[in-house]
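J.: this is a predicted model, with the sequence first.
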Amino acid sequence: MPYIQVRGCNYYYIDEGKGDETIVFAHGFLLDADMFRFQIDYFKNRYRIIAFDWRGQGRSEKTTNGYDIDSLYLDSIELLMKLNCTPCHWVGLSMGGFVGMRIVARKPELIKSLILADTGASEETFINKIKWGTLAILFRLFGLHPVKKGVLKALFSPHSLKNPNFKSIITEYAHKMEKQDRKTIYKIAWAIFNRKSVIDELHKIKAPSLVMVGEDDIARPVEEAKQLVELIPNAELKIIPNAGHSSALENPQEFNKAMETFLKKVSNAN
């Protein structure tokens, strides 16, 4: 498996496909690069594809610190430079979107276009800090079992949870979560829930932007996606049906279709 040293952390990454342009996929909390399997297979014949596991998650190294969003922003810049893949199309889901917004606002030369999925720019609400923080504490103390139902509801829509064809993916990620280091996951959760708002930076985003959101996302609901579209210049919105917080994984057909249409517009504009 390929690894690369990024700011003191051994990052796992995928580098596949061929093409003059690169798509970089950044996953959400508790998931990994494999959540973009359907996008990688769909686009790799036309683009170079980079996907990676965030530090402390998946197959990447568990470090003692460096999990706050601004540190992951610095990780991402070094990763992009070391892999020589700029300017790229950045696809960030949830925490991948938190980081993507920071990159394109602060280092616009690195990003050709921005695709945000199931994410937001505001700081976490007090109620959500209590809600998600309680789940994180329980997970830290007792593992996945007592919080499994709540975590799965946060990650996946009711449609996905009831869909027998999706059962294997739910089982796969439940198994992966059970294997994760509980102390590290708690650190990451704390960093995410206490992230700062970047609302005041959104006007700096000049790259073409697509905002997607699962229609049943309870972690980052449709209203947050609409806020992004209002505040990011030249952004457009796509609501993904039959999907929750993991829209790329839950409804890849609609996700890929929206991505493809958007990327064609970006190419035609250049």
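T.: Okay, I see it.
J.: where in this structure is pLDDT low?
T.: Per-residue confidence for the chain (pLDDT under 70) gives these ranges: 1.
J.: quick one, helices of the stretch 101-250 of the chain?
T.: For the stretch 101-250 of the chain, the helices defined by DSSP state H, counting those that start in this stretch cover 126-142, 148-155, 158-162, 167-179, 182-193, 222-231, 247-250.
J.: what's the most buried one of the ones you listed?
T.: helix 247-250 (a mean of 29; mean count of other CB atoms under 10 Å). To be clear about C-beta, it is placed using only N, CA and C from the backbone, and glycine gets the same treatment.
J.: quick one: the helix or strand that comes right after it to chain centroid distance?
T.: Using DSSP states H and E, the helix or strand that follows helix 247-250 in sequence is helix 252-269. Averaging C-alpha positions (CA atoms, centre = their mean, to the nearest Å) puts helix 252-269 18 Å from its chain's average.
J.: any buried residues in helix 252-269, and which?
T.: 252, 254-256, 258-259, 262-263, 266 (16 or more other CB atoms under 10 Å).
J.: what do you get for stretch 57-69?
T.: Result for stretch 57-69 [16+ other CB under 10 Å]: buried residues 57-58, 60-63, 66-69.
J.: how about a markdown table for these, with secondary structure added?
T.: Converted to a markdown table, those look like this (DSSP: H, G, I helix; E, B strand; the rest coil):
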| residue | secondary structure |
| --- | --- |
| Q57 | coil |
| G58 | coil |
| S60 | coil |
| E61 | coil |
| K62 | coil |
| T63 | coil |
| G66 | coil |
| Y67 | coil |
| D68 | coil |
| I69 | helix |
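J.: is I240 in a bridge, and if so with what?
T.: Judged by DSSP bridges, the bridge partners of I240 are G214.
J.: contacting residues for it?
T.: I240 sits next to 212-215, 247, 250-251, 254-255, 258 when contact means CB atoms under 8 Å, 6 or more residues apart in numbering.
J.: out of these, who's nearest L152?
T.: Nearest to L152 among the contacts of I240: E250, at 12.0 Å, using CB to CB.
J.: ramachandran angles for the nearest residue to that closest one once chain neighbours are set aside?
T.: Counting by CB to CB, 6 or more residues apart in numbering, A243 is the residue found nearest to E250 once chain neighbours are left out, at 4.0 Å. A243 adopts backbone torsions of phi -150, psi 150, taken as degrees, to the nearest 10.
J.: could you measure from S267 over to A225?
T.: 24 Å (CB to CB, to the nearest Å).
J.: and if you look at H245?
T.: 12 Å.
J.: which neighbours do the two have in common?
T.: D118.
J.: just give me the residue closest to the centre of the chain.
T.: L93 (2.5 Å; CA atoms, centre = their mean).
J.: so it is in contact with F29, correct?
T.: No. With contact defined as CB atoms under 8 Å, L93 does not reach F29; the gap is 9.6 Å.
J.: show me which strand runs longest in the chain.
T.: Looking across the chain with DSSP state E, the single longest strand is strand 9-17.
J.: also compute the angle for the following helix or strand past that strand relative to helix 252-269, please.
T.: Remark: after strand 9-17, the chain's next helix or strand is strand 22-26, criterion DSSP H and E. Going by axes from the mean of the first three to the mean of the last three CA atoms, to 10 degrees, strand 22-26 is angled at 140 degrees with respect to helix 252-269.
J.: strands paired with strand 22-26, and their directions?
T.: By DSSP bridges, strand 22-26 pairs with strand 48-52 (parallel), strand 88-93 (parallel).
J.: quick check: next helix or strand after that strand?
T.: Sequence order places helix 37-43 as the next helix or strand after strand 22-26, per DSSP H and E.
J.: restricting to C-alpha, output that next one in PDB.
T.: Output in PDB follows, covering the C-alpha atoms of helix 37-43 (Å, rounded to 0.1, in the frame of the first residue of the first chain):
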ATOM      1  CA  ARG A  37     -14.800   3.700  -4.600                       C
ATOM      2  CA  PHE A  38     -17.600   4.400  -7.000                       C
ATOM      3  CA  GLN A  39     -16.200   7.800  -8.000                       C
ATOM      4  CA  ILE A  40     -12.700   6.400  -8.500                       C
ATOM      5  CA  ASP A  41     -13.900   3.600 -10.800                       C
ATOM      6  CA  TYR A  42     -16.100   6.000 -12.700                       C
ATOM      7  CA  PHE A  43     -13.600   8.800 -13.300                       C
END
